[in-house]
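Q: Quick one: sequence and predicted model below, then my questions.
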Amino acid sequence: MIGRLCMKLVVSVLFVFTFLAASAIPAAADPASVIQDLNQAYVQIAEKVSPAVVNISSTRKAPASAGEDMEPFFKNFPFHQFFGDDMFKQFKRPPRSGGPAQVAMGSGFILSSDGLIMTNAHVVKDMEQITVTLPGKKDYKAKLLGSDPESDIALIKIDAKDLPTVAWGDSSKLRVGEIVIAVGNPFGLSGTVTSGIVSATGRTNVGIIDYEDFIQTDAPINPGNSGGPLINIQGKVVGITTAIATRSGGYMGVGFAIPSNSAKLVMEELTKYGKVKRGLLGVNIQDLNESLAKSFGKTDVNGALVAQVVPGSPAEKAGIKPGDIIVEFNNKPISGAAELKNLVGQTEPGHAAKLKIFRDKKTIDVDVSISERTAKAAAAVGQAATPEVSKEFGVTLEALSPEAASQLGLKPGEGIRIKEVSPDGQGARIGLKAGDVILDADGKPVADVAGFSKDVAEAKKNGIIRLKIQRDSATIYVGATLE
């Protein structure tokens, strides 16, 4: 009896598990139905967003020049290095008396029903007249409310009512592979809709604008798309299309868009102040490579290496030193220099920030009061060059005369100068250049050529060396393995 009950129980349990397993496996969907649903989704997104995307045409008079028959927008396009001249020569027009009018064509999208529009700063930069054309072909004269070239964002306004608008999406939730749609005015073809995927997020060091955190996409983008929205499958704006990288002069599958979250922050600043107030730490920073990280006793390359501290800056007042590696900013881990720059820039001036710093193989906490990034303060920070890793030395060195040291802001006996760099030597491979001044090696001050030679010999025992270099007005670190 008990045996039969046990057998029934086992059969019942197996039936339940079989039922649950079967119910967890969805029935095969009809391919045609799936494609039709996707097709309908694209149509609905285009119908929802396109009415709020506008064409922007900006003009200004320019002095006449002989042979100037190319469409000025293309010739003077700020990201012209991404395009080829051959394509632009297709766009001709007869010269006008008194000099041709420079024309910039772009796109924008409506943020409020009373005519607030966002676009790229380069579309409206230094223009005398801005014309906005709505999808219904009605033209409006627009007023520039504010522009931020460092992020390439501008706000313009037209006098209108009851306009369709777009909704903001959260760019921080974007995932690589996600479907996105670009809407804009490529080559003056209004209402153009293209689609692709998110190819990458957090793209930096592209060299287009000062504050970079681009979304990379393969959605087709061409001249005239600039300032238009990049849309997710919910029909919300997750980016502002800005530029492409190409060798052919046209679309090659690599486009860049400013994340919507960054654009919203800029919009709020422009609306409130008419300009963007950015934070300043007062350091010259660079990325780590494996050799540099190892020379500091760090096991990974995450963080921003402080190469230079500006005198009188918040960083100096907080005790930050060259050679410190900033690994966290307000509890957010730092992957590299560009990320730290963006986070500092987004911090409101006057606010305190908490830094976590790697120094002497230990981690310490530092509190700092962020100041405002003015043009003068930004110039004081300067730009650091990106060093390269190498394996061999090959440089000609010379002592600095007292006069030369004074001109460089150095004390007599402080540093030695690189006179020549052998193209196939280790110095060239680690990024050393003629004119660089070597200030220290592995933390030890360099006063003469003989002393430096000893430092290099000592460093070979550990197989790695770290140099502190002064290049023009900037100070950087260079690290490399030695053989």
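A: On my side now, so go ahead.
Q: Count the neighbours of residue 148 for me.
A: 21 (other Cβ atoms under 10 Å). Bear in mind the C-beta positions are built from the backbone N, C-alpha and C, glycine included.
Q: tell me the contacts of it?
A: Contact analysis of residue 148 by Cβ atoms under 8 Å, 6 or more residues apart in numbering lists 121, 154, 266, 269, 270, 275, 276.
Q: Show the buried residues in those.
A: Taking 16 or more other Cβ atoms under 10 Å as the criterion, what is buried in the contacts of residue 148 is 121, 154, 266, 269, 270, 276.
Q: and the two most separated of the residues you listed?
A: Greatest spacing in those, by Cβ to Cβ: 121 and 269 (13.2 Å).
Q: can you give me phi and psi for residue 119?
A: Main-chain torsions, residue 119, degrees, to the nearest 10: phi -150, psi -170.
Q: where along this structure do the helices fall?
A: Using DSSP state H, the helices of the chain run over 2-24, 31-49, 72-75, 85-88, 121-124, 260-273, 290-295, 314-317, 337-345, 375-381, 402-407, 426-429, 449-462.
Q: Give me the below-cutoff pLDDT ranges for the stretch 301-450 of the chain.
A: Within the stretch 301-450 of the chain, the ranges that satisfy pLDDT under 70 run 376, 378-392, 401-403.
Q: ok, which stretches of it are strands?
A: Ranges of strands in the stretch 301-450 of the chain, per DSSP state E, counting those that start in this stretch, are 304-309, 325-329, 332-333, 352-359, 362-369, 371-372, 395-399, 416-421, 437-441, 444-445.
Q: Residue 345: neighbour count?
A: Counted with other Cβ under 10 Å, residues neighbouring residue 345 total 21.
Q: surely it meets residue 211?
A: Yes - in this structure residue 345 lies within contact range of residue 211 using Cβ atoms under 8 Å: 5.6 Å.
Q: residues touching residue 415, list them.
A: 400, 405, 408, 437, 438, 439, 446, 447, 470.
Q: residues contacting the fourth one?
A: Meaning residue 437. By Cβ under 8 Å, 6+ apart, residue 437 lies in contact with 400, 408, 410, 415, 416, 417, 418, 469, 470, 471.
Q: Which one of those residues is nearest to residue 146?
A: Nearest to residue 146 among those, counting by Cβ to Cβ, is residue 471 at 35.5 Å.
Q: Model confidence score at that closest one, please.
A: Here the pLDDT value assigned to residue 471 is 90.
Q: wait, it sits on residue 433?
A: Yes - between residue 471 and residue 433 there is a contact at 6.9 Å, judged by Cβ under 8 Å.
Q: These two - which one has more neighbours?
A: Just comparing residue 471 and residue 433: by other Cβ under 10 Å the higher neighbour count belongs to residue 471, 21 against 13.
Q: Apart from its chain neighbours, what residue comes closest to the residue nearest in space to the middle of the chain?
A: For the chain, residue 212 is the residue whose C-alpha lies nearest the centre (Cα atoms, centre = their mean; 1.6 Å). Counting by Cβ to Cβ, 6 or more residues apart in numbering, residue 212 lies nearest to residue 204, which is 4.7 Å off, once chain neighbours are set aside.
Q: Pull the contacting residues for the one you found.
A: So residue 204 contacts 212, 213, 214, 336, 338, 339 (Cβ under 8 Å, 6+ apart).
Q: nearest to residue 184, of those residues?
A: Of all the contacts of residue 204, residue 214 has the smallest distance to residue 184: 16.7 Å, by Cβ to Cβ.
Q: dump the residue contacts of the closest one.
A: Applying Cβ under 8 Å, 6+ apart, the residues contacting residue 214 are 202, 203, 204, 206, 208, 242, 256, 257, 258, 259.
Q: mind running it again at 10 Å?
A: Residues in contact with residue 214 (Cβ atoms under 10 Å, 6 or more residues apart in numbering) are 200-204, 206, 208, 239, 242-243, 255-259, 262.
Q: Now which of these would you call buried?
A: Counted by 16+ other Cβ under 10 Å, the contacts of residue 214 give 201-204, 206, 208, 239, 242-243, 255-259, 262 as buried.
Q: So which of these sit within strands?
A: 201, 202, 203, 239, 242, 243, 255, 256, 257, 258, 259 (DSSP state E).
Q: Go through these and name the one nearest residue 194.
A: residue 255 (9.5 Å).
Q: can you list residues touching both of residue 121 and residue 269?
A: In contact with both residue 121 and residue 269: 146, 148, 151, 153, using Cβ under 10 Å, 6+ apart.
Q: Can you get me a residue count around the closest residue to residue 60 other than its chain neighbours?
A: Nearest non-adjacent residue to residue 60, counting by Cβ to Cβ, 6+ apart: residue 128, 4.4 Å away. Counted with other Cβ under 10 Å, the neighbours of residue 128 add up to 10.
Q: same question, residue 47
A: By the criterion of other Cβ under 10 Å, residue 47 has 11 neighbours.
Q: Surely it touches residue 235?
A: Yes - between residue 47 and residue 235 there is a contact under Cβ atoms under 10 Å: 9.3 Å.
Q: hmm, back to that, out of the shared contacts of residue 121 and residue 269, which two sit at the greatest distance?
A: Spatial extent of the shared contacts of residue 121 and residue 269 (Cβ to Cβ) is set by the pair 146 and 151 at 11.3 Å.
Q: Just want to know which of these two has more residues nearby.
A: residue 151 (27 against 20).
Q: What residues does that one make contact with?
A: Going by Cβ under 10 Å, 6+ apart, residue 151 touches 120-121, 209-213, 240, 242, 258, 262-263, 265-266, 269-270, 276, 278, 342, 345.
Q: repeat that for 8 Å
A: For residue 151, the contact set (Cβ under 8 Å, 6+ apart) comprises 121, 209, 210, 211, 258, 262, 263, 266, 276.
Q: And the closest residue to residue 221 other than its chain neighbours, how close does it get to residue 151?
A: With Cβ to Cβ, 6+ apart as the criterion, residue 221 has its nearest non-adjacent residue at 3.8 Å, and that residue is residue 255. Separation of residue 255 from residue 151 (Cβ to Cβ, to the nearest Å): 17 Å.
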